[in-house]
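Visitor: Below is the sequence, then the predicted model.
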2 protein chains.
Amino acid sequence: MNEELQRSLAAVRGEIDAIDDQLLDLLNRRARCAQRVGEIKAEHGEAGFIYRPEREAQVLRRIQDGNPGPLSSDSVTWFFREVMSACLSLEKPLGVAFLGPLGTFSESAAVKHFGHAAQLSPQVSIDDVFREVESRHADYAVVPIENSTEGAIGRTMDLLMATPLQICGEVVLRIHQHLLSREPSLDKITKVYSHAQSLAQCHEWLNRMLPQAQRISMGSNAQAAQQASAEPGAAAIAGDAAADRYGLPKLASNIEDEPNNTTRFVVLGHQPTGPSGRDKTSLIMSAPNRTGSLCDLLIPFSEAGVSMSRLESRPARHTLWEYVFYVDVEGHRDEPKIAAALEQLAQRAAYFKVLGSYPLAAY
Amino acid sequence: MNEELQRSLAAVRGEIDAIDDQLLDLLNRRARCAQRVGEIKAEHGEAGFIYRPEREAQVLRRIQDGNPGPLSSDSVTWFFREVMSACLSLEKPLGVAFLGPLGTFSESAAVKHFGHAAQLSPQVSIDDVFREVESRHADYAVVPIENSTEGAIGRTMDLLMATPLQICGEVVLRIHQHLLSREPSLDKITKVYSHAQSLAQCHEWLNRMLPQAQRISMGSNAQAAQQASAEPGAAAIAGDAAADRYGLPKLASNIEDEPNNTTRFVVLGHQPTGPSGRDKTSLIMSAPNRTGSLCDLLIPFSEAGVSMSRLESRPARHTLWEYVFYVDVEGHRDEPKIAAALEQLAQRAAYFKVLGSYPLAAY
């Protein structure tokens, strides 16, 4: 290297060192502030709940709105997510239960929401995830609720009806599906393994690119990847985590028909969450079995000008011919118009339960 | 919450917001500096090597030396490791090959050294890890070299003799072994599965606590955990990663006989690494087959006052009755006294190869 290069590099590196000194100082000052929040709460007998989802959501939104770049919005959000995680764990690391094993989308969701300082506790079933938090062995649960490729959504919904836990957050994860195989090219593939939902999500791609291949449905994408890694002529449709876990090369990337393929998870805990300014309220209700009854139930929302972001029906398991509806509306239950609409609903619905109000996913 | 509490919390949170604004600004300024380093190098035709292990080691040491707390030294080191990783990946994410699957100690080592912005590429064998980097499909390799529980050390050493790659860094990972099982208590355990090396590491604990249990050696601890998760009365000895991966509860934690149980990994790349101020040089040499010949070989080091931090012998695979020695010495090959000792050695040894000079593990 010549001298001019050396001099230029030394100048920039001196600048970086100065920035690093300030970063280090600020990180520790921030940690001391977080400790002070804990002390203030303890003095007022509020020591129980150190994690405030609404406050964290506000911090992350501020960061995103103020980010000048060149670091991406996702990248700085991730840093501050981790900074808060480290500061919080100075008091006590949060225990987070989720559907294991590691390497699944559920683990990615748990880390995305709670950061690396959280104590992850993988469970073997969705039921165990709920139980772990209900029994206070873990502080929070992360469970898939929408469009998961792991086939656990129905069970989550059933368990939400019975649990005393409240939804205190949501995580939205972008899901990409890949064709994984040890074979060198597509023309060698005679079988494609995957979870039924993933096969459905890649239906058009398979029709176009692998019309002759047999499609075989498996219990999970991880299982499919395992099978494909052992069998000649086989491929699996699965995500990055499974590709990594089984060391399977990607024959084709991002093959999902719908480019905005996401899975939504909810975070469950014991305490209610205050308003963050951009919130969602989830509830379950059942309608009496007659035409138009669902419409009746929804009138309070439309009259109050409350937007519904999701409505899903499921057969109730206890009574024949009756349906249960899972509804997400925009806003917090503490807002007067939401509170009024919920009160009216409670009077009309055969069954009615507010699952929780919580901040929209931060990133 | 009462008003006084609210006021106190609002004050601290205002302080945190102000700190966050500064952190955000500094992170982006740092990223712009890193981009400038790339531009300066490109102008001088040095664009190839954006990753400088010696510079990163110096940055992390500065941070550790200057850390006032309350964040732990490990915690701030981790942050700056990730900050550098994110800044570097603005230009081009580094591809890092390691022995997969995910959830192994090797993955932890790769992330510990390169941060989350690196593109991890798990391989099915140590040979594949070397090949992946030699063929430039990946930029760097992370391979275990000492006291690994995954039984790959010998192979790493053999491959180091033949590879054109250079060691450009090391990672030291603290390894804890646990007894994992679905059984509720030790008295239900009749079989213990693990890699032979792990069984050996927990020998005394097993003699004391599970004298009756059969010990069965497996190909890897991950395999052992998988077996134990499926078989009644079975337990596995394995680390946290395997416990998480197979969702196995810990019946007993940190059962290794030696409390300072670590595995050392080396990082391999194409370019030589400059001096960082606290460096190590690794080399391989073979001694002629006569008594005292090893002693002869080591004289240049002791005469030059060079400390040896490791000396290990292995039978050479090509000639009968001859040994190959793996030697680590303190210092960089560019330092005059090391350079002179190496030159003398090259004249005396039957076979001699410097594997590389590189910074000591940063944390």
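Guide: Perfect, I can see it now.

Visitor: Which residues belonging to the host helix or strand of A:Arg81 are considered buried?
Guide: In the assignment (DSSP states H and E), A:Arg81 maps to helix A:73-89. Of the residues in helix A:73-89, those buried under the neighbour-count criterion (16 or more other C-beta atoms under 10 Å in any protein chain shown) are A:75-89. To be clear about C-beta, it is placed using only N, CA and C from the backbone, and glycine gets the same treatment.

Visitor: Keep only these that also lie close to chain B.
Guide: Restricting the buried residues of helix A:73-89 to those near chain B by C-beta under 8 Å from any C-beta of the partner chain leaves A:75-76, A:79-80, A:82-83, A:86-87.

Visitor: would you turn these into JSON lines with pLDDT and distance to A:Asp127?
Guide: Putting those into JSON lines (pLDDT from 0 to 100; distance: C-beta to C-beta, whole Å) gives the following:
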{"residue": "A:Ser75", "pLDDT": "88", "distance to A:Asp127": "36"}
{"residue": "A:Val76", "pLDDT": "91", "distance to A:Asp127": "37"}
{"residue": "A:Phe79", "pLDDT": "91", "distance to A:Asp127": "35"}
{"residue": "A:Phe80", "pLDDT": "92", "distance to A:Asp127": "34"}
{"residue": "A:Glu82", "pLDDT": "90", "distance to A:Asp127": "31"}
{"residue": "A:Val83", "pLDDT": "91", "distance to A:Asp127": "34"}
{"residue": "A:Ala86", "pLDDT": "90", "distance to A:Asp127": "32"}
{"residue": "A:Cys87", "pLDDT": "89", "distance to A:Asp127": "33"}
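
Visitor: Who's the closest spatial neighbour of A:Ser194, skipping the chain neighbours?
Guide: Using C-beta to C-beta, 6 or more residues apart in numbering or on different chains and skipping the chain neighbours, the partner closest in space to A:Ser194 is A:Ile237 (3.7 Å).

Visitor: so the one you found touches A:Leu199, yeah?
Guide: Yes: using C-beta atoms under 8 Å, A:Ile237 is in contact with A:Leu199, at 6.5 Å.

Visitor: what sits in contact with each of the two?
Guide: Among the neighbours of A:Ile237, those also in contact with A:Leu199 (C-beta atoms under 8 Å, 6 or more residues apart in numbering or on different chains) are A:Val192.

Visitor: Going by contacts, tell me the helices and strands next to the longest helix anywhere in chain A.
Guide: Determined from DSSP state H, the single longest helix within chain A is helix A:3-43. Packed against helix A:3-43 by the contact rule (3 or more C-beta pairs under 8 Å, 6 or more residues apart in numbering or on different chains; DSSP states H and E) you find helix A:73-89, helix B:3-43, helix B:53-66, helix B:73-89.

Visitor: Who are the packing partners of the helix or strand of chain A with the lowest mean pLDDT?
Guide: Of all the helices and strands that make up chain A, the one with the lowest confidence by mean pLDDT, DSSP states H and E is strand A:308-315; it has a mean of 75. In terms of contact count using 3+ C-beta pairs under 8 Å, 6+ apart, strand A:308-315 is assigned the packing partners helix A:293-304, strand A:323-330.

Visitor: Among those, which comes closest to chain B?
Guide: Within the helices and strands packed on strand A:308-315, the stretch nearest chain B is strand A:323-330; the backing value is 25.3 Å (C-beta to the nearest C-beta).

Visitor: relative to helix A:293-304, how tilted is the closest one?
Guide: Between the axis of strand A:323-330 and that of helix A:293-304 there is an angle of 10 degrees, by axes from the mean of the first three to the mean of the last three C-alpha atoms, to 10 degrees.

Visitor: Can you give me the distance of A:Pro300 to A:Gln64?
Guide: Between A:Pro300 and A:Gln64 the distance is 33 Å, computed by C-beta to C-beta, to the nearest Å.

Visitor: Between these two, which has more neighbouring residues?
Guide: Comparing A:Pro300 with A:Gln64 by other C-beta atoms under 10 Å in any protein chain shown, the one with more neighbours is A:Pro300, at 19 against 16.

Visitor: got a list of what the more buried one touches?
Guide: Contacts for A:Pro300 were tallied using C-beta under 8 Å, 6+ apart; they are A:340-342, A:344-345, A:348.

Visitor: which residues pair with A:Ala234 across the strands?
Guide: When bridges are called by DSSP bridges, A:Ala234 pairs up with A:Lys191.

Visitor: That one contacts A:Leu180, doesn't it?
Guide: No: taking contact to mean C-beta under 8 Å, the distance of 9.6 Å between A:Ala234 and A:Leu180 leaves them out of contact.

Visitor: Assign A:Ile145 to helix, strand or coil.
Guide: In the three-state summary, A:Ile145 is assigned as strand, counting by DSSP: H, G, I helix; E, B strand; the rest coil.

Visitor: neighbours around the closest residue to A:Lys188 other than its chain neighbours, how many?
Guide: Take A:Lys188 and drop its neighbours on the chain: the residue closest to it by C-beta to C-beta, 6+ apart is A:Gly233, 6.1 Å away. Taking other C-beta under 10 Å as the criterion, the count of residues near A:Gly233 is 14.

Visitor: A:Gly233 is in contact with A:Val192, isn't it?
Guide: No: the pair formed by A:Gly233 and A:Val192 falls short of the contact definition of C-beta under 8 Å, at 10.2 Å.

Visitor: Which stretches in the stretch 151-300 of chain A count as strands?
Guide: Along the stretch 151-300 of chain A, the stretches classed as strands by DSSP state E, counting those that start in this stretch are A:166-174, A:178-180, A:191-195, A:214-218, A:234-238, A:250-252, A:262-269, A:279-287.

Visitor: If anything else comes up later, I'll come back, but that's it for now.
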